[in-house]
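> What follows is a protein structure lacking sequence information:
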């Protein structure tokens, strides 16, 4: 009787925990069919970006990464620092992005997509929110910010597509990269050009007319990147 009670208690515990009473199905003396199981949890944790030049290498930028997690998210976007220059110069290129270990990489935008089979891809756009202005609100008249020579994956299978040619940023969202149902899965970084010998990139250029009045001050604006899920999904 004690053995029967123990067996009954074990059976009740197994059923209440959602487990299977039988681990395998034996249809006859020479056949066994068993389950193989793996379950994935939701992936909404913030994730370190990867080096745009080496997608297998995670990097740790000096500037902060996005602390807000999500299965579809922008992990990181490099600031565009053009440095300090003489007023007589007219063409400027953004400096390299420095990592915490001292290494330098081309400025980049990193995207993570860990959604499931219902995903249809994504679109990444960029826009310049306002004109370059100094600390007193004076505009850097005629300044033009351009993106070009974009790249992603360096031949890696499944890398997102990037927009070709030259993109002149303005206050309208313009696509710089995109993915479909079979690409852009996981973490990918969109490189904004290639680093040159002087540690600037050929992919982010600021042009200022020689005739523009320039105050002895810092001029700045902001660039907004927007990641849109499933842009082809009606």
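Okay, I see it. Quantities reported herein were computed from a predicted structural model and do not represent experimental measurements. Numbering: from 1, shown residues only.

> Just give me the neighbour total for the nearest residue to residue 191 once chain neighbours are set aside.
Using C-beta to C-beta, 6 or more residues apart in numbering and skipping the chain neighbours, the partner closest in space to residue 191 is residue 52 (3.3 Å). Every C-beta, even on glycine, is put in place using the N, C-alpha and C of the backbone. A count of nearby residues for residue 52, using other C-beta atoms under 10 Å, gives 28.

> quick one, what contacts residue 52?
Applying C-beta atoms under 8 Å, 6 or more residues apart in numbering, we find residue 52 in contact with 105, 106, 108, 151, 152, 154, 189, 190, 191.

> Pull the contacting residues for the residue nearest in space to the middle of the chain.
The residue lying closest to the centre of the chain (C-alpha atoms, centre = their mean) is residue 111, at 1.6 Å. By C-beta under 8 Å, 6+ apart, the contact set of residue 111 is 73-75, 122, 124, 160, 177, 184, 187-190, 227.

> Try it again at 7 Å.
Applying C-beta atoms under 7 Å, 6 or more residues apart in numbering, we find residue 111 in contact with 74, 75, 124, 184, 188, 227.

> bridging residues for it?
residue 74, residue 188 (DSSP bridges).

> Could you verify my assumption that residue 158 touches residue 183?
Yes. The pair residue 158 and residue 183 qualifies as a contact (C-beta atoms under 7 Å) at a distance of 5.2 Å.

> Which one of the two is surrounded by more residues?
residue 183 (18 against 13).

> okay, the contacts of residue 111 in JSON lines with distance to residue 135 and pLDDT next?
Compiled in JSON lines, these are given as follows (distance: C-beta to C-beta, whole Å; pLDDT from 0 to 100):
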{"residue": "74", "distance to residue 135": "28", "pLDDT": "97"}
{"residue": "75", "distance to residue 135": "31", "pLDDT": "95"}
{"residue": "124", "distance to residue 135": "31", "pLDDT": "98"}
{"residue": "184", "distance to residue 135": "39", "pLDDT": "97"}
{"residue": "188", "distance to residue 135": "37", "pLDDT": "97"}
{"residue": "227", "distance to residue 135": "31", "pLDDT": "97"}
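
> Just give me the closest of those to residue 58.
Taking C-beta to C-beta as the measure, residue 58 sits nearest to residue 75 out of the contacts of residue 111, at 10.3 Å.

> what's around the closest one, how many residues?
22.

> Can you name the residues that contact it?
The contact partners of residue 75, by C-beta under 7 Å, 6+ apart, come to 47, 49, 65, 66, 110, 111, 112, 187.

> Many thanks, we can stop here.
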